[in-house]
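Chemist: All I have is the shape, not the residue letters:
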C-alpha cells in the first residue's frame, strides 16, 4: 500500500465527515431560529406585550412590553445578555429584562452566575427563565 491509497482513504473519510456536517446543519434549526421561537411564544403570551424586534441604535430589542425591554438568550450567553438588556433599556426608557433559556438542568448554574453578578454590582435587571420544553420550535 502506497501513499496513494492512504490519501484516498483520508479523502473518503473527510468527505463522509463533511457530508454528515452538512446534513446536520440543514436538519437542525439554528440557535437564532430556536431563540426566535422561544421569544415569539413567550412575548405573545404576555398581556403587556407591545412588539418583538423593536429597532434601537446598535441593535434591536427582542421583546418590548409596556414596562420592559427584554433580551432573550441561551444560558451560557448570560454576560452578553446583561450588556444588551441594559443598552436596550436605556434606548427605550424601559426597565431592562432578560429571559434566560435553560436547555438542560445543568444550565441553572448560569442563572446563579447572573443573579450573583447583578447582586454584587447592584444592577437591576428583571430576569425570567424558561426551560427548553417551553416551546417545541419547528425545524
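Modeler: Received it, and whenever you're ready, just let me know what you need. All figures in this text were calculated on a predicted structure; none of them were measured in a lab.
Chemist: and residue 91, how many neighbours?
Modeler: Residue 91 is flanked by 18 other residues according to other CB atoms under 10 Å. In this view, the C-beta of every residue, glycine as well, is placed from N, C-alpha and C.
Chemist: Can you give me every residue that contacts the residue nearest to it when sequence neighbours are not counted?
Modeler: Nearest residue to residue 91, sequence neighbours excluded (CB to CB, 6 or more residues apart in numbering): residue 56, at 3.9 Å. Counting by CB atoms under 8 Å, 6 or more residues apart in numbering, residue 56 makes contact with 87, 88, 91, 92.
Chemist: The third one and residue 54: what is the separation?
Modeler: So that's residue 91. 9 Å (CB to CB, to the nearest Å).
Chemist: quick revisit: among the contacts of residue 56, list the two that are farthest apart in space.
Modeler: Checked with CB to CB, the contacts of residue 56 reach their widest spread between 87 and 92, with 9.6 Å between them.
Chemist: before we move on, the earlier item: local confidence estimate at the residue nearest to residue 91?
Modeler: Confidence at residue 56, expressed as pLDDT, is 84.
Chemist: Could you check how far it is from residue 68?
Modeler: With distances taken as CB to CB, residue 56 is found 14 Å from residue 68.
Chemist: residue ranges with poor pLDDT in the protein?
Modeler: 1-33, 49, 52, 134-139 (pLDDT under 70).
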